[in-house]
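Enquirer: Sequence and predicted structure, then a few things I'm wondering about:
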Amino acid sequence: MSNQSAAEAAFDALGDPNRRRILECLRTGARPVGELARELPIGRPAVSKHLRVLENAGLIEHSARGTRNLYALAPDGLQQVQAWLVGLWDTSLQSFADFVAEQADLQHEPPESTSAESRKLP
Amino acid sequence: MTIAPIRREILVGAPVDRTFELFTGHIGAWWPLATYSVFGDGTVGFEDREVVERSGDKSSVWAEVLEWDPPAGLRLSWHPGSDRTEATDLRVTFTPDGDQTLVRVEHAGWEIMSDPAAAANEYGQGWPGVLGGFASFVGSWSAVDR
């Protein structure tokens, strides 16, 4: 996944309060699905479904311990979010630099052209 | 683990006074609204002490001005897509570099999002609370592309 779509998957996953609650439960360490289901107002099948969404979004990971799966926070779960933020500011600052360059170009053109372009500004 | 401050910078081709004026006075002309906005088809501008996006009769306040120090910089309480209780801290500084200007952005303050007491408690322990607040912060933005 690209950084953009990975971050969006994370935001989608976090849009559900039960999934945020699952993440809170995992803060203290890895847990099996049955334990998580006991702490949530939803059934075990629903918990399993939410775990799949969280895992696909890169926010958690699971490991097999004997016959059961343990779920834990993914160590790099924040990287995609930080990448999204870096992308936001890089895109915005580059857009600003381009705009400044356009304005400087306009100043070297004949006055009537400059004023016509200036009026386009909101 | 929490979100570290995001620091980005770029050199632009105008003197510092002009750069400050273009950044603040013409944000609607350069901000990439198609990608990063609440409505996707609106305009954005500084209005009094706020940054406001407008589309038709809808509006969304992205930020309040906390410090205004032209042409050196400004500081905003920054919360596009959510309300001011989930604001982050955005500082923009403008430093002369010959005929050009170095624009620096520092975007920080993630720990004050979601419940402040809980966030302070979990600072250094885990990230879901902060990340949950972040999700509501940018969720409505990224929704524009979907």
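Expert: Ah, there it is. A quick note: this is a predicted structure, and the numbers were derived from the prediction, not measured.
Enquirer: residue ranges with poor pLDDT in chain B?
Expert: Along chain B, segments meeting pLDDT under 70 span B:1-3, B:111-146.
Enquirer: which strand is the longest one in it?
Expert: Assignment by DSSP state E gives strand B:58-69 as the longest strand of chain B.
Enquirer: Which helix or strand lies directly C-terminal to it?
Expert: Under the assignment DSSP states H and E, the closest C-terminal helix or strand after strand B:58-69 is strand B:73-78.
Enquirer: quick one: strands adjacent to the helix or strand following that following strand?
Expert: Remark: after strand B:73-78, the chain's next helix or strand is strand B:88-97, criterion DSSP H and E. According to DSSP bridges, strand B:88-97 forms sheet pairs with strand B:73-78 (antiparallel), strand B:100-108 (antiparallel).
Enquirer: Next, format those as a markdown table and append mean neighbour count and distance to A:Leu51.
Expert: Yep, even glycine has a C-beta here, placed from its N, CA and C like the rest. Converted to a markdown table, the strands paired with strand B:88-97 look like this (neighbours: other CB atoms under 10 Å in any protein chain shown; distance: least, CB to CB, whole Å):
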| stretch | mean neighbour count | distance to A:Leu51 |
| --- | --- | --- |
| strand B:73-78 | 20 | 33 |
| strand B:100-108 | 19 | 31 |
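Enquirer: Relative to B:Thr85, tell me which of these wins on proximity.
Expert: Nearest to B:Thr85, of all the strands paired with strand B:88-97, is strand B:73-78, at 10.3 Å by CB to CB.
Enquirer: quick one: the closest one to strand B:58-69, angle?
Expert: Orientation note: strand B:73-78 sits at an angle of 140 degrees relative to strand B:58-69 (axes from the mean of the first three to the mean of the last three CA atoms, to 10 degrees).
Enquirer: ok so, going back, right, and the strands paired with strand B:88-97 - which one's nearest B:Val38?
Expert: B:Val38 lies closest to strand B:73-78 among those, at 13.2 Å (CB to CB).
Enquirer: hmm, back to that, how far does the longest strand of chain B sit from its chain's centre?
Expert: Mean-position distance between strand B:58-69 and its chain equals 9 Å (CA atoms, centre = their mean, to the nearest Å).
Enquirer: Close to chain B: what parts of chain A are there?
Expert: Contact residues (CB under 8 Å from any CB of the partner chain) of chain A with chain B: A:4, A:7-8, A:10-11, A:14-15, A:20, A:23-24, A:26-27, A:59, A:73, A:75, A:77-78, A:81-82, A:84-86, A:88-101, A:103-104, A:121-122.
Enquirer: what's next to the longest strand of chain B, contact-wise?
Expert: Contact with strand B:58-69 is made by B:38-39, B:42, B:44, B:46, B:49-54, B:73-81, B:84, B:87, B:90, as judged by CB atoms under 8 Å, 6 or more residues apart in numbering or on different chains.
Enquirer: Neighbours of A:Asp98, how many?
Expert: Neighbours of A:Asp98 under the rule other CB atoms under 10 Å in any protein chain shown: 13.
Enquirer: Name all residues that make contact with the closest residue to A:Asp76 other than its chain neighbours.
Expert: Leaving aside its chain neighbours, A:Asp76 sits nearest to A:Gly58 (7.6 Å; criterion: CB to CB, 6 or more residues apart in numbering or on different chains). The contact partners of A:Gly58, by CB under 8 Å, 6+ apart, come to A:6, A:9-10, A:74, A:76-77, A:80.
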